[in-house]
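Visitor: Below are the sequence and a predicted model; questions follow.
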Amino acid sequence: MSQRPIAAVPRGVLALLALGLAGQVALKTAAPPPRAAAEDLTSPPSIAALRLASFGEPVALAKALMLYLQAFDYQSGSKVPYRDLDYDRLEAWLTRILELDPRGQYPLLAASRLYAEVPVEAKQRSMLEFVYRQFLLDPNRRWPWLAHATALAKHSLHDLPLALRYARAIQRYAVAGDIPLWAKQMEAFILEDMNELETARLIIGGYIQSGSVKDPAELRFLEERLKQLEARTAPGSGTTGDKSVR
Amino acid sequence: MSIVASLARTTLIEAVRNRLLWLAMIVVVIAFGLAQFLNQVAITESREIQTALLAAPLRVTAVFMLAVFVITSMVRESNDKIAELLLSLPTPRYAYLFGKLAGYALVAVILALISALPLFPFANSQGLVLWTISLVCELLVVTAMSLFCVLSLVQVVPAFAAVAGFYLLSRSMAAMQIIAGAPLQDPTLADRVVNSVVGLIALLLPGFDAMTQTTWLLGSAPGLGTLGHLVGQTALYLVLICSAALFDLYRKNF
């Protein structure tokens, strides 16, 4: 269908259009940009309500919710992100998102790498425990986040017993073939850091004898480590103490 | 002026004869029944559950019914050549548009009132008044947008798709802006471009996410400032959409 030229439109209509457009842009520009402050994070709806709201697409809803959740209390600049969040509510949201999409890794990545790195020890610990509990539900898929939690417990919280608990969980429950040995060996190295030399020596010796270590370089590294531990635990070396945390 | 009033009146009669208002009543009864059923299941917060489960679906249903009615009514009028007949009369085109708009606006007000009716026993009165006025504002914007889309796109499916997209985008734009404004890494050029586009789109959309909130019915209602903002936003947006529709109508060759 052909159209008339713009000149056919009365000037009053053009003026009204320009006025309306300018007014709308001015109104929107004057309004403060939407921001999700920490206190705006409410408790999540029940999983049943979320499933209903997903219209049969729980995975898509989980992805969208995760993006929305991470925007809360995030402000680039001087303020430390996420510090003011209510971690109980945050944990409830992450749990719901994982219930909607159990195969999704994003919530645990966010928990271990974003929310567990705030400089508030109690919040860090609660997030690490959340990662630990979620790991136990699906160890073979979720072990990387507990491995990161182990590193945080060791280096950030300086809580070696906690790191040992996480490392042991990986060693015991993550049994899939594609789990790298470094993850399983974390227990031995944390024991060594705790001066549990005898236990560490037994664990590393057990790895070597089990035949599960195939890579020659890795085998050499472990044997070297074992020799060092044996030298340190030998009578007269002065560092034999095994306080046995088991 | 008489042609505007006549068009408004015939549009209202069309809504009645199409049984649109009956349909609205049936929807209200079904929603009320569903809310009562869920009330039996709920252990606590039964009033809140009833209110929320009534208000949110009624809002969306009113928008859906109104948009479909406006679009199908205009398309039917175009197919039956009634629009051409009306435009051949010695009246300006704006009178035709405002006549139709006035009729649909009346339908919108009636739909909003019907939707508010079942909330009366559960919601606080001040919040319900504000919620109803806000729903009227929202429906007026949807009416104008439907009229604009059907005049421009002529067919039912494209016009309805455009209105649905507009409505969903307007309701989720604030969340999209929040997400876009919180990048976890330093934003790249592509991120900045996307954020700018999101910002530009947001400038042109009404803030439906802040309108007709269910929380107003449950807790304390916001003050008159919120009402003023809602009405102002609606009036401004109506001016914008109506002038855009007029622009299209004046350029159209029948």
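Guide: Cool, the structure landed. Numbers count the residues shown, from 1 in each chain, chains lettered A, B, ... in the order given.
Visitor: Can you name the element that comes right after the helix or strand bottoming out on mean pLDDT in chain A?
Guide: The helix or strand of chain A with the lowest confidence, counting by mean pLDDT, DSSP states H and E, is helix A:197-210 at a mean of 75. Proceeding C-terminally, helix A:197-210 gives way to helix A:216-233 as the next helix or strand, assigned by DSSP states H and E.
Visitor: quick one: pLDDT of residue A:240?
Guide: The model reports residue A:240 with a pLDDT of 46.
Visitor: Next, count neighbours for whatever residue of chain B ends up closest to chain A.
Guide: When you check chain B against chain A by CB to the nearest CB, the closest residue turns out to be residue B:240, at 3.3 Å. Placement of C-beta: from N, CA and C, glycine included. Neighbourhood size, residue B:240 [other CB atoms under 10 Å in any protein chain shown]: 25.
Visitor: check which helix or strand covers it.
Guide: Counting by DSSP H and E, the secondary-structure element that holds residue B:240 is helix B:224-251.
Visitor: so which strand or helix has the residue in chain A that chain B sits nearest to?
Guide: With CB to the nearest CB as the measure, residue A:20 is the residue of chain A nearest to chain B, at 3.3 Å. Assessed by DSSP H and E, residue A:20 sits inside helix A:11-30.
Visitor: from the chain's centre, how far out does that helix sit?
Guide: If you compare the mean C-alpha spot of helix A:11-30 with that of the full chain, they lie 47 Å apart, counting by CA atoms, centre = their mean, to the nearest Å.
Visitor: same question, stretch B:245-254
Guide: Stretch B:245-254 sits 23 Å away from the centroid of its parent chain (CA atoms, centre = their mean).
Visitor: which bits of the stretch 151-254 of chain B sit near chain A?
Guide: For the stretch 151-254 of chain B, the contact set with chain A under CB under 8 Å from any CB of the partner chain comprises B:174-175, B:177-179, B:181-184, B:202-204, B:207, B:232-233, B:236-237, B:239-244, B:246-247, B:250-253.
Visitor: Buried among those? Need that as a selection in ChimeraX.
Guide: Buried subset of these, written as a ChimeraX selection, criterion 16 or more other CB atoms under 10 Å in any protein chain shown:
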select /B:174,175,177,178,179,181,182,183,202,204,207,233,236,237,239,240,241,242,243,244,246,247,250,251,252
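Visitor: Please write out the alpha-carbon positions of the least confident helix or strand of chain A in PDB.
Guide: What follows is helix A:197-210 as a C-alpha-only set of coordinates in PDB (Å, rounded to 0.1, in the frame of the first residue of the first chain):
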ATOM      1  CA  LEU A 197      53.600 -36.300  57.900                       C
ATOM      2  CA  GLU A 198      53.000 -40.000  58.600                       C
ATOM      3  CA  THR A 199      49.400 -39.900  57.300                       C
ATOM      4  CA  ALA A 200      50.400 -37.900  54.300                       C
ATOM      5  CA  ARG A 201      53.200 -40.400  53.600                       C
ATOM      6  CA  LEU A 202      50.800 -43.300  53.800                       C
ATOM      7  CA  ILE A 203      48.300 -41.600  51.400                       C
ATOM      8  CA  ILE A 204      50.900 -40.700  48.800                       C
ATOM      9  CA  GLY A 205      52.400 -44.200  49.100                       C
ATOM     10  CA  GLY A 206      48.900 -45.600  48.600                       C
ATOM     11  CA  TYR A 207      48.400 -43.600  45.400                       C
ATOM     12  CA  ILE A 208      51.600 -44.800  43.900                       C
ATOM     13  CA  GLN A 209      50.900 -48.500  44.800                       C
ATOM     14  CA  SER A 210      47.300 -48.300  43.600                       C
END
